[in-house]
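Participant: I'd like to go over a predicted model; first the sequence, then the structure.
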Amino acid sequence: MAAPHKLASFRLPPLPTVGELIKLYNLRAEKQLSQNFLLDLRLTDKIIRQAGNLRGAHVCEVGPGPGGLTRSILNAGAADLLVVEKDSRFIPGLKLLSEAAPGRLRIVHGDILTYRMDRGFPAKISRRWDDDPPNLHIIGNLPFSVSTPLIIKWLEHVANRTGPFSFGRTQLTLTFQKEVAERLTASTGSRQRSRLSIMSQYLCTVHSCFTIPGRAFVPKPEVDVGVIHFTPLVQPQIQHPFKLVEKVVRNIFQFRRKHFYKGLEKLFPEACRVELTQEMIQMADIDPTLRSTELKIPHFRALCEAYAHLCSQDSSLINYEYREELRQNHQERRSKLLDGNMKAKTAK
């Protein structure tokens, strides 16, 4: 009989509902911040179950807002919950939750894009990278506006074993608008296959948990929402620096409907573009008529190997950016045009 009583002790005392808190503090979702509230605690409980067993765990929740997920995390038995909230309007309601769960909820009023999560938890929870993941979880119902830059930032941290991944292979359970969720999990050859697919899957096991209909949120977004779980791999599938991999993948996906070498060409300055592109394809031993969506991760690994080899022969290549060259050429043309107009006015 003791076990049920122990489990019950994790649950919060009676509190105003999330909906009542929204009315109490006159909270409205800000469209420019792409905020959407999830008020149904059955759904927030379902999201939390995807993270695994949280009893006694350390958790960082991103953008708790009015605290729906926060309640579910506390009710699941998390011993230490750190919430990072940028919008000051939600702080009073979160403080109410903190008082109801003494010693278990810490509130940071700040921006998750700049917050140093590696300083937010004790070093004693760290695990070796090749051990099981640490008892630390990142969970969040992410605003659409920050979800993509945030996951790219975290993937870079995974590659470098920094930030929240300085503690080990920290797991993430996050929401994304359905289109982004589909890109993250897309398989080779699918229409959704993208830069995000490769960058997430070469570093992590990426699992699509379930889809939440848009009508479950307040206000209702125009799209449904996918819940995605990430577990960093012990060994990344591509053994090269994150920025090199990202550069190769980003360029290849520039022209999704064309043969992949069209994007590959943009890795090189115009003077040596054709020659080095052909050399890179030959080194990687890949059919040049494949499209970017048809390339598998081993293909990208071979292309990164070839590109790294070419950069070792000419160190200027790694810093070359096609878009920067376009921008400079545009500025030069504009400057010449302005100079020409000024000379024409002076002549008159």
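Facilitator: Perfect, thanks for sending it. Numbering: from 1, shown residues only.

Participant: below-threshold pLDDT in the chain: ranges please.
Facilitator: In the predicted model of the chain, residues 1-9, 13-16, 18-35, 326-348 satisfy pLDDT under 70.

Participant: tally of neighbours for the closest residue to residue 280 other than its chain neighbours?
Facilitator: For residue 280, the nearest residue in space outside its immediate sequence neighbours is residue 306; the separation is 4.5 Å by C-beta to C-beta, 6 or more residues apart in numbering. The way it works is simple: take the backbone N, C-alpha and C, and place the C-beta from them, glycine included. As a burial measure, residue 306 scores 21 neighbours (other C-beta atoms under 10 Å).

Participant: surely residue 306 meets residue 278?
Facilitator: No - at 11.0 Å, residue 306 does not count as touching residue 278 under the criterion of C-beta atoms under 8 Å.

Participant: how much space between residue 157 and residue 136?
Facilitator: Going from residue 157 to residue 136 by C-beta to C-beta, to the nearest Å gives 13 Å.

Participant: overlap in contacts of these two?
Facilitator: Common neighbours of residue 157 and residue 136 are listed as residue 164 (criterion: C-beta atoms under 8 Å, 6 or more residues apart in numbering).

Participant: the more surrounded of the two?
Facilitator: For residue 157 against residue 136, the residue with the higher neighbour count under other C-beta under 10 Å is residue 136, and the figures read 25 against 20.

Participant: what residue spans form the domains of this protein?
Facilitator: In the domain annotation for the chain, the residue ranges read 2-232, 242-325 (automatic domain parsing).

Participant: can you give me the end-to-end span of the shortest one?
Facilitator: Distance between the two ends of domain 242-325: 22 Å, counting by C-alpha to C-alpha, to the nearest Å.

Participant: centre of the chain to it, how far?
Facilitator: Between the mean C-alpha point of domain 242-325 and the mean C-alpha point of its chain there is a distance of 24 Å (C-alpha atoms, centre = their mean, to the nearest Å).

Participant: quick check on residue 318: phi, psi?
Facilitator: Reported as degrees, to the nearest 10, the phi and psi values for residue 318 are phi -60, psi -30.

Participant: and the closest residue to it other than its chain neighbours, how many residues sit next to it?
Facilitator: For residue 318, the nearest residue in space outside its immediate sequence neighbours is residue 311; the separation is 4.5 Å by C-beta to C-beta, 6+ apart. Burial measure for residue 311: 17 neighbouring residues, criterion other C-beta under 10 Å.

Participant: gap between the residue nearest to residue 280 and residue 264?
Facilitator: Per C-beta to C-beta, residue 306 is found 10 Å from residue 264.

Participant: please enumerate the shared neighbours of these two.
Facilitator: Residues within reach of residue 306 and of residue 264 at once, by C-beta under 8 Å, 6+ apart, are 280-281.

Participant: returning to what we had before: quick one, what contacts the residue nearest to residue 318?
Facilitator: Taking C-beta under 8 Å, 6+ apart as the contact definition, residue 311 lies against 244, 317-318.

Participant: residue 268 is in contact with residue 317, isn't it?
Facilitator: Yes - at 6.8 Å, residue 268 counts as touching residue 317 under the criterion of C-beta under 8 Å.

Participant: higher neighbour count, those two?
Facilitator: Set side by side, residue 268 and residue 317 show more neighbours around residue 268, with 22 against 17, by other C-beta under 10 Å.

Participant: contacts only, for the more buried one.
Facilitator: Contact criterion C-beta under 8 Å, 6+ apart gives 276-277, 317, 320 as the residues in contact with residue 268.

Participant: neighbour-wise, give me the winner out of the residues you listed.
Facilitator: For those, the largest neighbour count, defined by other C-beta under 10 Å, is 21 neighbours, found at residue 276.

Participant: now that residue: phi and psi?
Facilitator: Main-chain dihedrals, residue 276, degrees, to the nearest 10: phi -70, psi -30.

Participant: quickly find the element holding the nearest residue to residue 147 once chain neighbours are set aside.
Facilitator: In space, and not counting its chain neighbours, residue 147 is closest to residue 176: 5.1 Å by C-beta to C-beta, 6+ apart. When secondary structure is defined using DSSP states H and E, the element that contains residue 176 is strand 171-177.

Participant: name the helices or strands packed onto that strand?
Facilitator: helix 41-50, strand 136-141, helix 144-160, strand 225-232 (3 or more C-beta pairs under 8 Å, 6 or more residues apart in numbering; DSSP states H and E).

Participant: circling back: out of the contacts of residue 268, which is nearest to residue 231?
Facilitator: Set against residue 231, the nearest of the contacts of residue 268 by C-beta to C-beta is residue 317 (34.0 Å).

Participant: need the contact list for that closest one.
Facilitator: For residue 317, the residues meeting the contact criterion (C-beta under 8 Å, 6+ apart) are 267-268, 276, 307, 310-311.

Participant: so where do the strands sit in this protein?
Facilitator: Counting by DSSP state E, one finds strands in the chain at the ranges 37-38, 58-62, 80-85, 105-109, 136-141, 171-177, 204-212, 217-218, 225-232.

Participant: which residues are in contact with the second one?
Facilitator: Think strand 58-62. Contacting residues not belonging to strand 58-62 are listed as 51, 69-70, 73, 78-84, 112, 117, 120-121, 125, 134-140, 142, 150, 164, 174 [C-beta under 8 Å, 6+ apart].
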